[in-house]
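Trainee: Below is the structure, and that's it, no one-letter string:
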Ligand code: HEM
């Protein structure tokens, strides 16, 4: 029965009228949303409650703000909430049938094949590549530290996590030129994505500025990836990287591996899903630490005592609990994937409101993470919320930066490992202070990016 499945547990079938953010035709609440997106959604929840209809003129979406809603649409009734709609269609243009966008039996088959490669034991095999890539990226930060010039952490971390994903996916198989081209192509494609989402409903023949360059970027990416797949298949490369692991996996039922095309889609997916998200978590973490020098000091003290000046390994991570909590808290306040859109397949009901088939529903992680019923002083940065004692009675879906249910991020352990290692290695090597008067605030984008970056001064530590 539909009633017994609703997240509120309500048995009512009476259809309530859902609050709406605006009655204006054509533009709805779009101007306010564009002006201050995150202030707007916080205000909208306070005004309209945990579930409301966001009117954006041409598009109307239902916004969900309570952790129990996440449990419902991402797990309990996930089968009714599909990855269709403009956002996912635009992403499909880039990722083909990769894991983030595929659905049904095909998704399940791919997920089963790929999952074991992301288990902790398998990831341990990637730790050397990861630490080396981070160390190399930080060598280039030293130039900024020597020159005492202002440094933008956001592109700095983008380059770092890009290096990590390129290295862990391909080992040392790419030439320096190919590595730069891959980074450039993926950065451009990701920047274009928000535009691609907005123009997705328009006819293909309409010219869209940037689309040609986007297609060229994807073509260059494909050329490099197909080239390296061919080399791997021919046994010409080492096998200590993710691509080699994916080349080896076979479907248990059919005994078949992935086609080149599917491998390309999965590689593009891991790229897209994996590099900017982790980079943003790191940028926001340092943004908060700089506002709280005592916390920065605590982090550095923990790192210095656990590592004693040497490079970290996976075995050190349990000795870096505060580092982990800083990352968790940064992802609470600024979850890189702050919204998860879905489309209702059949009619449904949430909290007594009718959800007709075809409704676009947004699971708003950003608000789950700040919901006043689940978080005390929700807007304050406080890493120690994540101590086991203080986490004990928390709603399971109150903190879901990696999503939830069967579509939970496959790279969660990878990202936490990389994030913890990178935080520790940066804190070990640099003192970081904010450039005065540089305002850091989030912008409306497909991921939660800081508008104008995070400008800092780097100083090499003794
Ligand atoms: C801090 C870093 C990361 C964050 C915040 C993050 C967040 C997420 C979220 C929220 C989802 C669920 C999307 C949905 O339900 O619509 C997801 C899925 C996914 N992520 Fe991550 N992710 C991160 C890092 C990574 C990394 C490093 C990789 C790979 C190397 C990765 C690969 C994937 C893939 C393949 C999926 C699709 C899983 C599926 O649907 O079966 N992610 N991620």
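Mentor: Now that the structure is in, tell me what you want to look at. All values derive from a computational prediction rather than experimental measurement.

Trainee: in the stretch 301-450 of the chain, what residue is nearest the ligand?
Mentor: Residue nearest to the ligand within the stretch 301-450 of the chain: residue 411 (2.2 Å; Cβ to the nearest ligand atom). Just so you know, the C-beta spots here come from the backbone N, C-alpha and C atoms, and that holds for glycine as well.

Trainee: Go through stretch 405-420 and flag the buried ones.
Mentor: 405, 407, 409, 410, 411, 414, 415, 416, 417, 418, 419, 420 (16 or more other Cβ atoms under 10 Å).

Trainee: Could you do stretch 430-440 as well?
Mentor: Across stretch 430-440, burial judged by 16+ other Cβ under 10 Å covers 430, 431, 432, 434, 440.

Trainee: Among these, which one lies nearest to residue 204?
Mentor: residue 440 (38.1 Å; Cβ to Cβ).

Trainee: Of the buried residues of stretch 405-420, which is the nearest to residue 391?
Mentor: residue 416 (15.1 Å).

Trainee: wait, what's in contact with the closest one?
Mentor: 324, 327 (Cβ atoms under 8 Å, 6 or more residues apart in numbering).

Trainee: In which helix or strand does it reside?
Mentor: Residue 416 is part of helix 412-429 when elements are defined by DSSP states H and E.

Trainee: helix or strand right after that helix?
Mentor: strand 430-434.

Trainee: who's in contact with the residue lying closest to residue 356 once chain neighbours are set aside?
Mentor: The shortest distance from residue 356 to any non-neighbouring residue, by Cβ to Cβ, 6 or more residues apart in numbering, is to residue 347 (5.6 Å). Neighbouring residues of residue 347 by Cβ under 8 Å, 6+ apart: 354, 355, 356, 357.

Trainee: and the closest residue to the second one other than its chain neighbours, what does it touch?
Mentor: So the one you mean is residue 355. Once flanking residues are discounted, residue 355 sits nearest to residue 348: 4.3 Å by Cβ to Cβ, 6+ apart. Neighbouring residues of residue 348 by Cβ under 8 Å, 6+ apart: 2, 77, 80, 354, 355.

Trainee: Can you tell me which of these end up in strands?
Mentor: Among the contacts of residue 348, the members falling in strands (DSSP state E) are 354, 355.

Trainee: Out of the contacts of residue 348, which are close to the ligand?
Mentor: Near the ligand, judged by Cβ under 6 Å from any ligand atom, there are no entries from the contacts of residue 348.

Trainee: Format the contacts of residue 348 as a markdown table; extra columns: neighbour count, pLDDT and distance to residue 165.
Mentor: Formatted as a markdown table, these follow (neighbours: other Cβ atoms under 10 Å; pLDDT from 0 to 100; distance: Cβ to Cβ, whole Å):
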| residue | neighbour count | pLDDT | distance to residue 165 |
| --- | --- | --- | --- |
| 2 | 12 | 33 | 42 |
| 77 | 20 | 98 | 33 |
| 80 | 20 | 98 | 33 |
| 354 | 15 | 96 | 43 |
| 355 | 20 | 97 | 37 |
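
Trainee: How about the residues of this protein by the ligand?
Mentor: Counting by Cβ under 6 Å from any ligand atom, the chain sits next to the ligand at 99-100, 111, 269-270, 273-274, 277-278, 281, 336-337, 340, 401-403, 407, 409-411, 414-415.

Trainee: taking those one by one, which sit in strands?
Mentor: Using DSSP E, the residues of the chain next to the ligand in strands are residue 340.

Trainee: Which ChimeraX command selects the buried ones in the residues of the chain next to the ligand?
Mentor: Only the buried entries of these go into this ChimeraX selection, using 16+ other Cβ under 10 Å:
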select :99,100,269,270,273,274,277,278,281,336,337,340,401,402,403,407,409,410,411,414,415
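
Trainee: Touching, residue 272 and residue 188? I think so.
Mentor: No: in this structure residue 272 lies outside contact range of residue 188 using Cβ atoms under 8 Å: 12.0 Å.

Trainee: angle of the helix holding residue 416 against strand 430-434?
Mentor: Angle of helix 412-429 versus strand 430-434, following axes from the mean of the first three to the mean of the last three Cα atoms, to 10 degrees, is 90 degrees.
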